[in-house]
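*Asks:* sequence and predicted structure below; questions after.
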Amino acid sequence: MLCTLCSRCKIRIAISFHIKNSVNKSVEIKMKRNRILQIVLVLLAVTVVTEGYAQSGVRYPYIQGGDGASNIIVSRDASGGVDPSCIHENWSGATPAHYEEDPENKVAAKFEVATSDMGTSKWVDISSKCPSGWRVPTQRECMLIYVMRDRLKTTNFSTSNYWTATNCYSDKGWYISFRDGYVTSATDENLIRCVRDVN
């Protein structure tokens, strides 16, 4: 099955789906860490020059200041980086409501990952868990955090599940297991790691 990750970049990638026939007939997507890395790197068009956007020789995304120096992930800066169509505008409040295929499900040009979890929450309550100025990451931001978590200054992530702000159904949201990169939807209790956009 083909899934368009970034229509402007015209990048397509094959994703295999594992469908589990359970009582509620839920569809579960299982992606291993290396597969998520491939998707994120393709999504962000790392080291690719598209439509004249300058590259600085830096590999995007990167950790501001170098690996282990900060909790800020940079996907685009003044020197170049990811095509702007793959970046959402800076948000100062909560992440806007959106579904997986919506244009809000992108990454910030530069965002900071909180140094600790904000506890656990059910899906319906996640938007109230982050302090003022912080928010729950989009599905793609959370995938990027998972892939780059060992390069951040704060590496104290659990191997449990982390919520994303991306809706799956009206009453379910997507979460990512930080044990193995498993991506699926639920309503139950999962951890929250907040982010905030940086100028």
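*Replies:* Okay, I see it. Residues are numbered from 1 along each chain as shown.
*Asks:* give me the most central residue, the protein.
*Replies:* Nearest to the geometric centre of the chain sits Glu141, at 1.9 Å (Cα atoms, centre = their mean).
*Asks:* can you pull the buried residues of the helix or strand hosting that residue?
*Replies:* Glu141 belongs to helix 139-148 when elements are defined using DSSP states H and E. In terms of neighbour count (16 or more other Cβ atoms under 10 Å), helix 139-148 has its buried residues at 139-148. Glycine gets a C-beta too; all of them are placed from N, C-alpha and C.
*Asks:* swap in stretch 71-90?
*Replies:* 71-76, 80-83, 86-88.
*Asks:* quick check, nearest of those to Val198?
*Replies:* Relative to Val198, the closest of the buried residues of stretch 71-90 is Ile72; by Cβ to Cβ it sits at 5.8 Å.
*Asks:* which residues does the closest one contact?
*Replies:* Applying Cβ atoms under 8 Å, 6 or more residues apart in numbering to Ile72 gives the contacts 63-65, 110-113, 198.
*Asks:* follow-up on the earlier one: now the buried residues of helix 139-148 as CSV including pLDDT and distance to Thr184?
*Replies:* Listed next are the buried residues of helix 139-148 as CSV, based on pLDDT from 0 to 100; distance: Cβ to Cβ, whole Å:
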residue, pLDDT, distance to Thr184
Gln139, 96, 11
Arg140, 96, 16
Glu141, 97, 17
Cys142, 97, 13
Met143, 96, 13
Leu144, 96, 18
Ile145, 97, 17
Tyr146, 97, 14
Val147, 96, 18
Met148, 96, 21
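*Asks:* dump the C-alpha coordinates for stretch 97-113 into PDB.
*Replies:* Extracted C-alpha coordinates of stretch 97-113, given in PDB (Å, rounded to 0.1, in the frame of the first residue of the first chain):
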ATOM      1  CA  ALA A  97      -7.100  19.100  16.500                       C
ATOM      2  CA  HIS A  98      -6.200  17.000  13.500                       C
ATOM      3  CA  TYR A  99      -6.200  13.500  12.000                       C
ATOM      4  CA  GLU A 100      -3.200  11.600  10.500                       C
ATOM      5  CA  GLU A 101      -3.700  12.800   6.900                       C
ATOM      6  CA  ASP A 102      -4.400  16.500   7.800                       C
ATOM      7  CA  PRO A 103      -1.900  19.200   7.000                       C
ATOM      8  CA  GLU A 104      -1.300  19.900  10.800                       C
ATOM      9  CA  ASN A 105       0.400  16.500  11.100                       C
ATOM     10  CA  LYS A 106       3.900  17.800  10.300                       C
ATOM     11  CA  VAL A 107       6.900  18.800  12.400                       C
ATOM     12  CA  ALA A 108       7.900  22.300  13.700                       C
ATOM     13  CA  ALA A 109      11.000  23.800  12.100                       C
ATOM     14  CA  LYS A 110      12.500  23.800  15.600                       C
ATOM     15  CA  PHE A 111      11.000  22.400  18.700                       C
ATOM     16  CA  GLU A 112      12.100  21.600  22.300                       C
ATOM     17  CA  VAL A 113      11.300  18.300  24.000                       C
END
